[in-house]
Structures are given as structure tokens and as C-alpha cells.
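**Student:** this one's sequence-less:
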């Protein structure tokens with residue numbers, strides 16, 4: 001029986017994390033609504049959403065946040081999954097057709113913890129999510 005080994009890069013302060021880029025589609029939003037049980041019409045009903053301040057459907061914030069988690073998993077593997085922490089602010093909506101990019105960089109390594117600035121932006125550079133991620137490195 002073979003044991004799976006995970007190769008995770010070692011990071012230094014100011015190092016960039018692997019970038020994750022995704023395109024938001026209405027289908028992805030609908031799939032997320034189904035999986036999460038969040039069927040708010042702001043996400044799924046274009047006619048209703050057109051009457052709101054957003055002027056159309058928007059992605060669930062947690063769907064966009066998942067791209068930051070995917071980036072952190074790519075960077076830190078199982079260590080992120082078992083010992084990661086996020087503290088973020090949702091700053092703007094992601095819309096169907098948006099290409100969003102999750103990026104980050106290491107800002108501090110101290111006391112067995114690696115702290116990263118993380119963010120998610122759309123293609124024009126609008127900030128969708130910003131904050132901090134922390135990983136306990138064993």
C-alpha cells in the first residue's frame with residue numbers, strides 16, 4: 001500500500017502565493033446555490049436581481065472566497081486544510097462573466113505561524129475580497 005506524500009513549497013516573507021483565476025458563470029452560481037442551499041433570488045433570478053442595487057445576479061460571497069481557500073491549499077496543502085484561518089472583508093460583488101483572481105503574499109513568519117495578505121479581484125481590478133490568512137506550520 002503506497003502512502004501519498006504531499007510536496008509543499010517553503011515560503012519566505014514577501015513571497016507571492018500561487019495565483020488562482022476563475023471565470024464566474026451563472027451556471028457556477030446556480031450550482032453553488034444548490035450545494036449550499038442558499039437560493040436567494042439575488043443570485044439566481046435575473047429579473048429580480050435587475051431590480052436591486054446590483055442590477056443583475058451576483059455570485060455568493062462564499063463562492064468567491066473559496067478561490068482564496070483554493071489558493072491557500074495550493075500553497076500550503078494539508079497544513080492549510082487542518083490549521084488555516086481566514087479573516088476577510090467582502091468588498092464588492094462578482095458577476096456572471098467576471099474573471100476573478102485570488103492572489104496573496106507572505107507578510108510574516110513568526111512563532112510557527114505564516115501570515116499572508118490575501119485578496120480576490122475582478123479583471124478591471126475591483127477589489128472583491130481582501131484580508132489575511134494564517135497557517136500554523138508544524
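**Tutor:** Here it is on my side, so go on. What you see is a predicted model; the values in this text were computed from it and never measured.

**Student:** give me phi/psi at the nearest residue to residue 74 once chain neighbours are set aside?
**Tutor:** Nearest residue to residue 74 in three dimensions, chain neighbours excluded: residue 18, at 4.5 Å (C-beta to C-beta, 6 or more residues apart in numbering). In this view, the C-beta of every residue, glycine as well, is placed from N, C-alpha and C. Reported as degrees, to the nearest 10, the phi and psi values for residue 18 are phi -60, psi 140.

**Student:** try residue 34
**Tutor:** phi -60, psi -50.

**Student:** which element follows the least confident helix or strand in the chain by mean pLDDT toward the C-terminus?
**Tutor:** Taking mean pLDDT, DSSP states H and E as the measure, the helix or strand of the chain with the lowest value is helix 78-83, at a mean of 92. Following helix 78-83 in sequence order, the next helix or strand is strand 84-90 (DSSP states H and E).

**Student:** by contact count, what packs against that next one?
**Tutor:** With contacts taken as 3 or more C-beta pairs under 8 Å, 6 or more residues apart in numbering; DSSP states H and E, strand 84-90 sits against helix 61-76, strand 127-136.

**Student:** if we go to 10 Å?
**Tutor:** Applying 3 or more C-beta pairs under 10 Å, 6 or more residues apart in numbering; DSSP states H and E, we find strand 84-90 packed against helix 61-76, strand 113-122, strand 127-136.

**Student:** let's have these in CSV, adding distance to residue 36.
**Tutor:** Output for the helices and strands packed on strand 84-90, formatted as CSV (distance: least, C-beta to C-beta, whole Å):
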stretch, distance to residue 36
helix 61-76, 7
strand 113-122, 18
strand 127-136, 17
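
**Student:** the closest residue to residue 28 other than its chain neighbours: neighbour count?
**Tutor:** With sequence-adjacent residues excluded and distances taken as C-beta to C-beta, 6+ apart, residue 28 is closest to residue 63, at 7.0 Å. Look at residue 63: counted by other C-beta atoms under 10 Å, it has 22 neighbours.
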